[in-house]
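**Student:** Everything below, folded, please.
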Amino acid sequence: MGSKLNISIFGLGYVGLPLAIKLSNHFNVLGFDKNKQRIKELKNFFDRNREVSFIELKKSKLKYSTNLKDLKNSNIFIVTVPTPVTKSNQPDLKPLLQACKDIGKIISKGSIVIFESTVYPGVTEEICGPEIKKYSHLIPGKDFYLGYSPERMNPGDKVHSIDKITKVVSGDCNKTKLILKKIYGKINSGRIFIAKNIKTAEAAKVIENTQRDINVAFINEITKLFKKIDINIFDVLKTAGTKWNFLNFQPGFVGGHCIGVDPYYLAYLAKKKKTGSDLILSGRKINNNFPIFLAQYISNYISKKNKILVLGLTFKENVSDLRNTKIVDLIKSLKKRGHKVYINDPYAYEKEVKKMNLSLTKLSKKNKYDVIILAVAHDNYKKLNYSFFNKKLNNNGKVFDLKAIWKDKKFPKQIEYIIL
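**Tutor:** Modelled structure (predicted):
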């Protein structure tokens, strides 16, 4: 590899685009994505994920392509494609393997391939390396090199952006590690942690998300218990939070493309190595069933065939991402119980929602409802006030605030306000 680094980013989603934009301030970077519509939008300075602003895109030196041949001059390949699970919750490495195949067709000697996608320990060296070798006929560790730098992207979070966090890096040799340190250190003022080896870096990433999943599962489970004895979980958490080492996790939906998925990668590895994953899978079961519990709880509290408005559909607040959103499970469960459900979400895109066999309604419509459920704490919803609830709810209407964002608001007397 020469002194000049030519970087290609595979996948311009929530992880790849912000990374590509930041790196393009220091290196020659080409963003590659097979989605032609995505590339067209980015060239017009529009990021539908709302992670990168119009101004940032316009100022950026980042170049785009949907043509694999344009990447032939690259000597650094960074892979940020998704790593989902199948319907049976097995790791789905197809996007990753496709990226390896594509890189294998164009890679030259001396190049480095860096993976950011979340995987179980061993995937980079035992699966991705051989896959690239299969199509390139080059030997990993000799003709090309492997690196791993787990993504820590938190969609919608403007505080912990990629330029402000510590970046973990590792590689198959010391030289690779130092090159990764140089590349990523340029965008975050040198806040780099070099993991002992690639497997350690892979393991660190997958347990970060699994730990959160298990902690939320605990809170969701005790929420169900405390509802039985009429104790409010948010009051309990506020009280317990006065202890210096209490971890502040909140009850709720665990979806998205990371926390609701990555534990299955760890469970798969545990099964493969014939060891236990009881706690991991128990947390997954609790969190997957929590929307059903909420639907049952709400349904028992309201009249049959009530007209319900659900506020929020995306997997978390202030993002447009609908992947693996558990709000869908809540809605389906409410519909099964005979309720007519309407959905509003200012961040979700109608076309994406329709693919889920659902539709959105606007708050500007004059419709009135029997029940409003706050499911996702978008900033837009925090601003709703007395007048909104007075106009939108029928007499004896109910508001279920699953995120406790309106606990200090004043409500019309004829409306019952209920916190989870």
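
**Student:** Give me the spatial nearest neighbour of N28, chain neighbours excluded.
**Tutor:** N6 (5.1 Å; C-beta to C-beta, 6 or more residues apart in numbering). Where C-beta positions appear, they are placed from N, C-alpha and C, glycine not excepted.

**Student:** Quick check: that neighbour touching F77?
**Tutor:** No. Using C-beta atoms under 8 Å as the test, N6 is too far from F77 to be in contact (9.8 Å).

**Student:** which stretches of the stretch 1-150 of the chain have low pLDDT?
**Tutor:** 1-3 (pLDDT under 70).

**Student:** The stretch 251-400 of the chain now?
**Tutor:** For the stretch 251-400 of the chain (pLDDT under 70), the answer is none.

**Student:** Looking only at neighbour counts, state which of N6 and F77 leads.
**Tutor:** Legend: neighbour count by other C-beta atoms under 10 Å for N6 and F77, higher for F77 (26 against 18).

**Student:** Sticking with the more buried one, tell me its helix or strand.
**Tutor:** Using DSSP states H and E, F77 sits in strand 76-79.

**Student:** residues contacting T325?
**Tutor:** By C-beta atoms under 8 Å, 6 or more residues apart in numbering, the contact set of T325 is 253, 255-256, 313-315.

**Student:** Counting residues, name the longest helix you see in the chain.
**Tutor:** Scanning the chain for the longest helix, with DSSP state H as the assignment, gives helix 198-228.

**Student:** coming back round to it: what is the strand holding F77 packed up against?
**Tutor:** Contact here means 3 or more C-beta pairs under 8 Å, 6 or more residues apart in numbering; DSSP states H and E; on that basis strand 76-79 packs against strand 6-10, helix 94-106, strand 112-115.

**Student:** Swap in 6 Å and give it another go.
**Tutor:** strand 6-10, strand 112-115 (3 or more C-beta pairs under 6 Å, 6 or more residues apart in numbering; DSSP states H and E).

**Student:** Nearest approach to D235 belongs to which of those?
**Tutor:** strand 112-115 (43.9 Å; C-beta to C-beta).

**Student:** Tell me which strands the closest one pairs with, and in which orientation.
**Tutor:** Sheet pairing of strand 112-115 (DSSP bridges) gives strand 76-79 (parallel), strand 145-148 (parallel).

**Student:** quick one: that strand to chain centroid distance?
**Tutor:** Mean-position distance between strand 112-115 and its chain equals 22 Å (C-alpha atoms, centre = their mean, to the nearest Å).

**Student:** That strand: what's the following helix or strand?
**Tutor:** Moving toward the C-terminus from strand 112-115, the first helix or strand encountered (DSSP H and E) is helix 123.

**Student:** most packed of the helices and strands packed on strand 76-79?
**Tutor:** Greatest average neighbour count among these goes to strand 112-115 (a mean of 27), per mean count of other C-beta atoms under 10 Å.

**Student:** what residues does it touch?
**Tutor:** With contact meaning C-beta atoms under 6 Å, 6 or more residues apart in numbering, strand 112-115 is reached by 76-79, 103, 124, 145-149, 176.

**Student:** Return the closest of these with respect to K354.
**Tutor:** Taking those together and measuring to K354 by C-beta to C-beta, the closest member is V79, at 30.4 Å.

**Student:** and the closest one, what is it in contact with?
**Tutor:** Shown in contact with V79 (C-beta under 6 Å, 6+ apart): 10, 99, 115.

**Student:** for stretch 239-252, how far is the first residue from the last?
**Tutor:** 19 Å (C-alpha to C-alpha, to the nearest Å).

**Student:** Show me what counts as buried in that stretch.
**Tutor:** 250-252 (16 or more other C-beta atoms under 10 Å).

**Student:** thinking again about what came up before, mind giving me a markdown table with the strands paired with strand 112-115 and columns for distance to E202?
**Tutor:** Listed next are those as a markdown table, based on distance: least, C-beta to C-beta, whole Å:
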| stretch | distance to E202 |
| --- | --- |
| strand 76-79 | 13 |
| strand 145-148 | 6 |
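
**Student:** Give me the phi and psi for L313.
**Tutor:** Dihedral pair for L313: phi -140, psi -30, per degrees, to the nearest 10.

**Student:** Y342 is in contact with that one, correct?
**Tutor:** No. Using C-beta atoms under 6 Å, L313 is not in contact with Y342; the gap is 11.1 Å.

**Student:** SS state for N49?
**Tutor:** Recorded secondary structure, N49: coil (DSSP: H, G, I helix; E, B strand; the rest coil).

**Student:** Give the full set of residues in contact with it.
**Tutor:** Going by C-beta under 6 Å, 6+ apart, the list of residues near N49 reads 14, 320.

**Student:** G31 belongs to a helix?
**Tutor:** No. Judged by three-state DSSP, G31 forms no part of a helix; its state is strand.

**Student:** The spatially closest residue to it that is not a sequence neighbour and V168, how far apart?
**Tutor:** In space, and not counting its chain neighbours, G31 is closest to A20: 4.5 Å by C-beta to C-beta, 6+ apart. Per C-beta to C-beta, to the nearest Å, A20 is found 19 Å from V168.
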